[in-house]
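Colleague: model this:
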Amino acid sequence: MARRASSSLHPGILLGIAAAVVVAIVAGQSLFKKKKPGFADVSPMNIEDFLENGNSLRGNEYSLEGKIDEKLRWTTHRGQIVSLRVTTPGGDEFIPVEIPPSFNTLNVEREQRYAMRVKVRQGGIPVATAVTRL
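Modeller: You can find the predicted model right below:
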């Protein structure tokens, strides 16, 4: 009498398929996960403190996130000054940010959202040390 072939799948094959599905889901989530805006290693700037007395924040680094409202001034040797519209609980505020000439290759556009790492220099003027378009 002839033996009949088994019609069920081997348990090792089922485990392999399950492991492949789990790996594909984890890889897909890590590839398509949206990058968090801003700079996690510095604290966000307290806009109220800045508007009250920006000079008190000098020497410190902060993160800012907002929309470019206007490009105020640009020269190839001094960089540019932009007005950044930042949303606060009290409404939108406008913060001037100096972007040094080392960022001249960066095309900063109006009405675009940016995250910036800024260092407040003498006089309470925020100077960008890193700029990322969101």
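Colleague: contacts and neighbour counts: CA atoms only from here.
Modeller: OK.
Colleague: which residues of this structure fall in strands?
Modeller: Assigned by DSSP state E, the chain shows strands spanning 61-75, 79-88, 91-99, 113-121, 125-133.
Colleague: Deepest in the core, which of the ones you listed is it.
Modeller: Mean neighbour count (mean count of other C-alpha atoms under 10 Å) peaks for strand 113-121 among the strands of the chain, with a mean of 21.
Colleague: Average pLDDT for the lengthiest helix in the chain, rounded please.
Modeller: In terms of residue count, the longest helix belonging to the chain (DSSP state H) is helix 11-32. Average pLDDT, helix 11-32: 80.
Colleague: so how far is the helix or strand bottoming out on mean pLDDT in the chain off the chain centroid?
Modeller: Here the helix or strand of the chain ranked lowest by mean pLDDT, DSSP states H and E is helix 11-32, holding a mean of 80. Between the centre of helix 11-32 and the centre of its chain there are 30 Å (C-alpha atoms, centre = their mean, to the nearest Å).
Colleague: and what of stretch 22-33?
Modeller: That offset, for stretch 22-33, works out to 21 Å (C-alpha atoms, centre = their mean).
Colleague: Likewise for stretch 49-65?
Modeller: With C-alpha atoms, centre = their mean, you get 19 Å for stretch 49-65.
Colleague: again with stretch 87-104
Modeller: 14 Å.
Colleague: pLDDT weak spots in this protein?
Modeller: Applying pLDDT under 70 to the chain picks out residues 1-9, 31-38.
Colleague: follow-up on the earlier one: return the set of buried residues in the longest helix of the chain.
Modeller: By neighbour count with 16 or more other C-alpha atoms under 10 Å, helix 11-32 contains no buried residues.
Colleague: okay, that helix in PDB with CA atoms only?
Modeller: Output in PDB follows, covering the C-alpha atoms of helix 11-32 (Å, rounded to 0.1, in the frame of the first residue of the first chain):
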ATOM      1  CA  PRO A  11       5.600  24.100  11.700                       C
ATOM      2  CA  GLY A  12       9.100  25.500  10.900                       C
ATOM      3  CA  ILE A  13       7.800  27.100   7.700                       C
ATOM      4  CA  LEU A  14       4.900  28.700   9.600                       C
ATOM      5  CA  LEU A  15       7.300  30.100  12.200                       C
ATOM      6  CA  GLY A  16       9.500  31.500   9.400                       C
ATOM      7  CA  ILE A  17       6.600  33.200   7.700                       C
ATOM      8  CA  ALA A  18       5.400  34.700  11.000                       C
ATOM      9  CA  ALA A  19       8.900  36.000  11.800                       C
ATOM     10  CA  ALA A  20       9.200  37.500   8.200                       C
ATOM     11  CA  VAL A  21       5.900  39.300   8.700                       C
ATOM     12  CA  VAL A  22       7.000  40.700  12.000                       C
ATOM     13  CA  VAL A  23      10.300  41.900  10.600                       C
ATOM     14  CA  ALA A  24       8.600  43.500   7.600                       C
ATOM     15  CA  ILE A  25       6.100  45.400   9.900                       C
ATOM     16  CA  VAL A  26       8.900  46.700  12.200                       C
ATOM     17  CA  ALA A  27      11.100  47.700   9.200                       C
ATOM     18  CA  GLY A  28       8.100  49.500   7.600                       C
ATOM     19  CA  GLN A  29       7.400  51.500  10.700                       C
ATOM     20  CA  SER A  30      11.000  52.600  11.100                       C
ATOM     21  CA  LEU A  31      11.200  53.700   7.500                       C
ATOM     22  CA  PHE A  32       8.000  55.600   7.400                       C
END
